[in-house]
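Undergrad: Below are the sequence and a predicted model; questions follow.
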Amino acid sequence: MRKRVFFLFLLLVAFSLTSCATSVPVGGLYTELKMPVTVTGETAKNSKVGTAECLSVLGLIAIGDASIQTAMKNGNISKVTHVDWEAKNILGIIGNYKTIVYGQ
């Protein structure tokens, strides 16, 4: 019994030490954030919006295409004015990541 508890403790310590500093804020239990990616300097009115998403499960499987090009295609956008990014993640179990492109 003691060996199991000790092993679980070591596993928890090892898991907590494997995280690294990132350029985005990440919550340990829950993350929900919206951040800008880029602005082109264009001043045209944003008449169109396109989105692209990907999904991550257990940090082991990630599927989807959240590229700017896909978001442009989905919104029928040819000229980008700015790009935003959204992320939702619960306990590292399931995550949804979205790229939002604004333009004409």
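TA: Okay, I see it.
Undergrad: CA atoms for contacts and neighbours, from now on please.
TA: OK.
Undergrad: who are the neighbours in contact with residue 98?
TA: Residues near residue 98 by C-alpha atoms under 8 Å, 6 or more residues apart in numbering: 51-54, 66, 85-87.
Undergrad: try 10 Å this time
TA: Residues counted as contacts of residue 98 (C-alpha atoms under 10 Å, 6 or more residues apart in numbering) are 34, 51-55, 64-68, 71, 84-88.
Undergrad: Quick check on these: which are buried?
TA: 51-55, 65-68, 71, 84-88 (16 or more other C-alpha atoms under 10 Å).
Undergrad: C-terminal to the worst-scoring helix or strand of the chain on mean pLDDT, which secondary structure element comes first?
TA: Lowest mean confidence among the helices and strands of the chain (mean pLDDT, DSSP states H and E): helix 2-17, at a mean of 71. Next helix or strand after helix 2-17 toward the C-terminus (DSSP states H and E): strand 30-39.
Undergrad: In terms of secondary structure, what does that following strand contact?
TA: Applying 3 or more C-alpha pairs under 10 Å, 6 or more residues apart in numbering; DSSP states H and E, one finds that strand 30-39 contacts strand 80-90, strand 94-103.
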